[in-house]
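J.: kindly return the folded structure for what I paste below:
(2 chains)
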Amino acid sequence: QIQLVQSGPELKKPGESVKISCKASGYTFTDYAMHWVKQAPGKGLKWMGWINTYTGKPTYADDFKGRFVFSLEASASTANLQISNLKNEDTATYFCARYNSGYYFDYWGQGVMVTVSS
Amino acid sequence: IQVTQSPTSLSASLGETVTIQCRASEDIYSGLAWYQQKPGKSPQLLIYGASSLQDGVPSRFSGSGSGTQYSLKISSMQTEDEGVYFCQQGLKYPLTFGSGTKLEIK
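T.: Next comes the predicted model:
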């Protein structure tokens, strides 16, 4: 069955970096784009951008340009999100989600809670 | 494209019909999906293409609409339907979500 399994929770200090992984299984990884979505505590969903899993090209939403990097380990069917120079407002759950060509997310990872606190 | 979702919250009795609305700032040509999220879990796809039911989703869920106006209907509220519901437009980047509707049992 199709699964997106993300790495575990992270506790970081301001200014540090974090790398989150999203391992896909049950389908051909390069057939579907992978997107990232942020959910701050008690808040709604915010689209961060996506990575073309065939070419490796990332595209970032305006609010996520600069400190955020999407990458792949295609041989391992894994997408990664790296956030540098962490700020308190980066405290959130980060989801990876498979994007269906019909313009919707059909599978989601379980989410990774990133807490930034001094 | 902005997506305005209403209401922010509502409570419904068991068996009651529930309707949640989303309005897009421009025509999104049925490029709308609905998700349900339960506490501590990831969102789950309910409806895509405005009205297509995702495999495995109970038939009491239905979606409708066109142009800029869309709705999600739960025909007979069940306990397990409690959660937060989000709509999402997929026509144009940046992809955008509605602000969510918290649905509770009355």
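J.: which parts of chain A sit against chain B?
T.: Proximity of chain A to chain B, by CB under 8 Å from any CB of the partner chain, involves residues A:35, A:44-47, A:59, A:61-62, A:95, A:97, A:100, A:102-106, A:108-111. (Glycine included, C-beta is placed from N, CA and C.)
J.: same thing but 10 Å
T.: Neighbours of chain B within chain A, by CB under 10 Å from any CB of the partner chain: A:4, A:6, A:35, A:37, A:39, A:43-50, A:59-64, A:93, A:95-97, A:99-111, A:113.
J.: mind telling me which residue of chain A is nearest chain B?
T.: In chain A, no residue comes nearer to chain B than A:Y103, which is 2.7 Å away by CB to the nearest CB.
J.: right, and that residue touches B:T96 too?
T.: No. When contacts are counted by CB atoms under 10 Å, A:Y103 is not listed as touching B:T96 (11.9 Å).
J.: shared neighbours, these two?
T.: Listed as contacting both A:Y103 and B:T96 by CB atoms under 10 Å, 6 or more residues apart in numbering or on different chains are B:28, B:88-90.
J.: of these, which are in range of chain A?
T.: Among the shared contacts of A:Y103 and B:T96, the ones lying near chain A by CB under 10 Å from any CB are B:28, B:88-90.
J.: from those, which two are the most distant?
T.: Taking CB to CB as the measure, those span a maximum distance of 10.1 Å, between B:I28 and B:Q88.
J.: what touches both of these two?
T.: Contacts common to B:I28 and B:Q88, judged by CB under 10 Å, 6+ apart, are A:103, B:3, B:22, B:96.
J.: and those residues, which two are furthest apart?
T.: It's A:Y103 and B:C22 that sit farthest apart of the shared contacts of B:I28 and B:Q88, by CB to CB, at 14.4 Å.
J.: who in chain B is up against chain A?
T.: Neighbours of chain A within chain B, by CB under 10 Å from any CB: B:5, B:28-35, B:37, B:40-45, B:47-49, B:52, B:54-55, B:84, B:86, B:88-100.
J.: re earlier: any chance of the shared contacts of B:I28 and B:Q88 in JSON lines, plus pLDDT?
T.: Formatted as JSON lines, those follow (pLDDT from 0 to 100):
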{"residue": "A:Y103", "pLDDT": "89"}
{"residue": "B:V3", "pLDDT": "98"}
{"residue": "B:C22", "pLDDT": "98"}
{"residue": "B:T96", "pLDDT": "98"}
